[in-house]
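Asker: okay, here's the prediction I keep looking at, along with the sequence it came from:
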Amino acid sequence: MQLKFGSFPVVVASSADMAKLFLKTYDHIFASRPQLAAGKYTTYNYSNITWAPYGPYWRQGRKIYLAELFSSKRLESYEYIRVEEMRAFMSRLFSLSGKPVVLKEHLSRVTLSVISRIVLGKKYFSESKSERSIVTLEEFQEMLDELFLLNGVFNIGDWIPWLRFLDLQGYERRMKALKKRFDRFHDHVLDEHKAKRKAVKDFVAKDMVDLLLELGDNPDLEVKLTCDSVKGFLQDLIAGGTDTSATTVEWAMSELLKQPKLIDKATEELDRVIGKNRWVSEKDIPQLPYINAIMKETMRKHPVAVLLAPHLALEDCQVSGYDIRKGTLVFINTWSIGSDQSVWDAPKEFRPERFLGKAGKDIDVKGQCFKLLPFGSGRRMCPGYSLGLKMISASLANLLHGFNWKLGGTNQTPEDLDMEELYGLATIRKFPLVAVMEPRLPVHLYHQF
């Protein structure tokens, strides 16, 4: 359908067939992004991969992401970090056995710790009041929450440009304030990395900041990387890798706690394939079809991005008989696609089994199957999807393998669990999931770090 948002025409694609036309057949025409205030103020003037307009800078950035930052070799070299943080995560939960726990807080902490170590080389936030650091874990999480909120809001100035100067909702003021907070953080990180590079002879890049700074010195790059480019990329890597994974796992656990029989099926598979004397490793995941099915079903029913980031038509064109003008914004509605009764049987039900048969297993989440697009598809697909899948599947498998779960509210039954959503750039639970867990593996496994 075509709508008019203020001064701009907007097309919403709500079926798998239309999504395929926009993201594959005519991908080259719809590969750009509109210049919204969020991109200007929170990503260093469109310097990241998410909001950069289509062109040489974006193409080069994507090449850097795929060849340098997210190559399978590079991701493998960081596996030890993911394992260490996962063990620490399981140990923390073990220490809270029998107590009600707000699961999302712990999931955000583990994903943020992994991403920080991979991207920045270490955790730049302190985890307790006594530690000194540029930012506390709480403050950093608050900054990320604000970033997600501001990147998902309907800002009047974006759609009615002549009203922009009034900043009627105060969003642009908040974006500028948030940029200052991130600037302080990024400057601290970059200064520390630059000093380390100067101090060490024959310096070898160890993390993604080192790699980006190295590329910034490369005279052969088509478009020179500026300080803002590096900050924009870092913003993308940290924000894109944290909240989305934690939100998906929280939704998966919510659905499983609503149907405890599904947890029994998952743990039966885990005990059979893994046994009770070790944790689940990333290499085990392909042998766990039921865990994979839970993950896919969660991404179908609770897509983190209900609307994929907007695409912008670069020229006049015709799609499926409809005339679309240059400058039209296109939104792909992944929620509608995942709820389409002509594609999915009983779409309102959470049913991982739909992904277990031959047809279900063939539905992938890597942008080739337009019925399920958690990471988008085509040129603007999320380049970090492979890391996201590793984080989500390993977290989910180990949570189910390591603990027995029940709801945390007094006398709360599965039927009572509220599944209301809050819409933003990421679609989160309105009320965080509170659960109680008890260990189900030998005690020594919880102290392996």
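Answerer: That came through, no problem.
Asker: so Ala13 touches Lys24, yeah?
Answerer: No: taking contacts as CB atoms under 8 Å, Ala13 lies outside contact range of Lys24: 11.9 Å. Quick note: C-beta positions are derived from backbone N, CA and C, even for glycine.
Asker: quick check: Tyr26 vs Gly357, distance?
Answerer: The gap separating Tyr26 from Gly357 is 32 Å, by CB to CB, to the nearest Å.
Asker: neighbour-wise, which of the two wins?
Answerer: Under the neighbour definition other CB atoms under 10 Å, Tyr26 and Gly357 were set side by side, and Tyr26 has more, 20 against 10.
Asker: show me the contacts for the more buried one.
Answerer: By CB atoms under 8 Å, 6 or more residues apart in numbering, the contact set of Tyr26 is 317, 319.
Asker: rerun that using 10 Å as the cut-off
Answerer: With contacts defined as CB atoms under 10 Å, 6 or more residues apart in numbering, Tyr26 is in contact with 20, 311, 313, 317-320, 324, 330, 378.
Asker: who wins for most neighbours among the residues you listed?
Answerer: Of the contacts of Tyr26, with other CB under 10 Å as the count, His311 tops at 28 neighbours.
Asker: how much space between it and Ile324?
Answerer: Counting by CB to CB, the gap from His311 to Ile324 is 11 Å.
Asker: over to Leu66?
Answerer: Distance from Leu66 to Ile324, counting by CB to CB: 29 Å.
Asker: with Phe355 instead?
Answerer: 34 Å.
Asker: what of Ala309?
Answerer: Distance check for Ala309 against Ile324: by CB to CB, it reads 18 Å.
Asker: out of the contacts of Tyr26, what pair is the most spread apart?
Answerer: Spanning the widest gap among the contacts of Tyr26 are Gln318 and Gly378, at 18.5 Å by CB to CB.
Asker: circling back to that earlier point, now, the contacts of Tyr26 that are in helices?
Answerer: Counted as lying in helices by DSSP state H, out of the contacts of Tyr26, are Lys20.
Asker: quick one: mean pLDDT for stretch 286-305?
Answerer: What stretch 286-305 shows for mean pLDDT is 96.
Asker: now swap in stretch 369-381 and tell me
Answerer: Averaged over stretch 369-381, pLDDT sits at 95.
Asker: in that stretch, what counts as buried?
Answerer: Neighbour-count burial for stretch 369-381 flags 370-381 (criterion: 16 or more other CB atoms under 10 Å).
Asker: and that stretch, how far from the chain's centre?
Answerer: 14 Å (CA atoms, centre = their mean, to the nearest Å).
Asker: and it, how far apart are its ends?
Answerer: By CA to CA, to the nearest Å, the extent of stretch 369-381 from end to end equals 13 Å.
Asker: ok, now stretch 192-211?
Answerer: For stretch 192-211, the end-to-end distance is 14 Å (CA to CA).
Asker: residue boundaries of the helices in the stretch 301-449 of the chain?
Answerer: Using DSSP state H, counting those that start in this stretch, the helices of the stretch 301-449 of the chain run over 334-338, 358-361, 385-402.
Asker: and those helices, which one is worst for confidence?
Answerer: helix 358-361 (a mean of 84).
Asker: which helices and strands does it pack with?
Answerer: Judged by 3 or more CB pairs under 10 Å, 6 or more residues apart in numbering; DSSP states H and E, helix 358-361 is in contact with helix 289-301.
Asker: packing partners of the helix it packs on?
Answerer: In terms of contacts (3+ CB pairs under 10 Å, 6+ apart), helix 289-301 is packed against helix 227-258, helix 260-273, helix 334-338, helix 358-361, helix 385-402.
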